[in-house]
Structures are given as C-alpha cells and as structure tokens.
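1. Structure of the sequence below:
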Amino acid sequence: MWVALAMIIVIGIALWQRVPAMIAAALDKKIAGIREQLDAAESLRKEAEALKAEYQKKAKAAAKDAEAMKAAAAEEAKQIVAKAKADASALIARRTKTAEDKIAAAERAAVAEVRARAASVAATAAAQLIAKGHDGKADKALVDQTITTLN
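-> The predicted structure follows:
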C-alpha cells in the first residue's frame, strides 16, 4: 500500500510539474524534426529522379550523335575509297600512256637508226659501185661535162 501511495504521489508531482506536457512537447519536436528529414529526403529523391531523367536524355542524345558520327565516317570512308580507285585508274592510264609513248619513241628511233644505217650502207655500196665502174678517164669526162654545163 505504501508503494501505491508513493506511486500516486510521484504521478501527482509529475502532473503538477507538467511533465506529460514537456514529454509531449519533446515528442512533437522530435516528430517535427523527423518530418523535416522526410521532406528533405523526398525533395532529394525528386532531384535525383530529375537528374536521372536528364542524364538518360543526354545518353540517348550521345548515342544518336555517335550513330550519326559513325554514319558520316562510313560515308567519308566510301568517298575516300572511291577517290583512291579513281586516282589509281588515272595513274594507271597515265603510266600506260607514258609507256606507250616511250615504246612509240623507241620504235621511231629504231626506224630512224635502220634508215640511217641503210643510207650509210647504200652510200658505201654506191661508192664501191662508182669506184668499180669509174676510173680516172670516166671521172675526167664527167668533170669536163659538168664544167661545160656550168658555163
């Protein structure tokens, strides 16, 4: 019974000193702090979602840009290959023309050399024939005839 009476006195003093109101105020303060933390966490979550969406858009744009760059590089490579083929064809044509010109020049030189040699051989043969067919008397007669025609 003394314990019950002591408990009633303690509870009475606690009520007289407004301990339940202080406890309620402390709990309300704690609840308000937790509510603020929850609100801050919610706003951080929203910001994180917004950043995530923004970065997803940037990633999609970067993927599109990369695909466009890849397509442009492929097109440029095709153009380079086509130009290289054209340049190679032009080079082959020029080299072929140069070779044909050199062959034609060599043929002309060979023909000229053959003609020169033939003329030289013909001149030598003519000199030998003239030397055989003409002696001093025949030469004197030809010289005299030529002098007569000149006068």
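
2. How far does the helix or strand harbouring residue 46 sit from its chain's centre?
-> Using DSSP states H and E, residue 46 falls within helix 19-133. Centre-to-centre, helix 19-133 and its host chain are 2 Å apart (CA atoms, centre = their mean, to the nearest Å).

3. Would you tell me what the next helix or strand after that helix is?
-> Note on helix 19-133: by DSSP H and E, the next helix or strand toward the C-terminus is helix 136-150.

4. quick one: low-confidence ranges for this structure?
-> Scanning the chain with the threshold set as pLDDT under 70 gives 10, 14-16, 19-20, 151.

5. one step back: ok and the helix holding residue 46 relative to helix 136-150, angle-wise?
-> 100 degrees (axes from the mean of the first three to the mean of the last three CA atoms, to 10 degrees).

6. which secondary structure elements does helix 19-133 contact?
-> On a contact count with 3 or more CB pairs under 8 Å, 6 or more residues apart in numbering; DSSP states H and E, helix 19-133 meets no helix or strand. For every residue, glycine as well, the C-beta is placed using N, CA and C.

7. can we see that at 10 Å?
-> helix 2-16 (3 or more CB pairs under 10 Å, 6 or more residues apart in numbering; DSSP states H and E).

8. Next, the angle helix 19-133 makes with the helix it packs on.
-> Going by the same axes, to 10 degrees, helix 2-16 makes 70 degrees with helix 19-133.

9. now could you export just the CA positions of helix 2-16 as CSV?
-> Provided in CSV are the C-alpha atoms of helix 2-16 (Å, rounded to 0.1, in the frame of the first residue of the first chain):
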residue,chain,number,x,y,z
TRP,A,2,2.8,2.4,0.7
VAL,A,3,4.1,1.6,-2.8
ALA,A,4,0.8,2.5,-4.3
LEU,A,5,0.6,5.7,-2.2
ALA,A,6,4.2,6.6,-3.3
MET,A,7,3.3,5.9,-6.9
ILE,A,8,0.3,8.2,-6.7
ILE,A,9,2.4,10.9,-5.2
VAL,A,10,5.0,10.6,-7.9
ILE,A,11,2.3,10.7,-10.6
GLY,A,12,0.7,13.7,-8.9
ILE,A,13,4.1,15.6,-8.8
ALA,A,14,4.7,14.7,-12.4
LEU,A,15,1.2,16.1,-13.3
TRP,A,16,1.7,19.2,-11.2
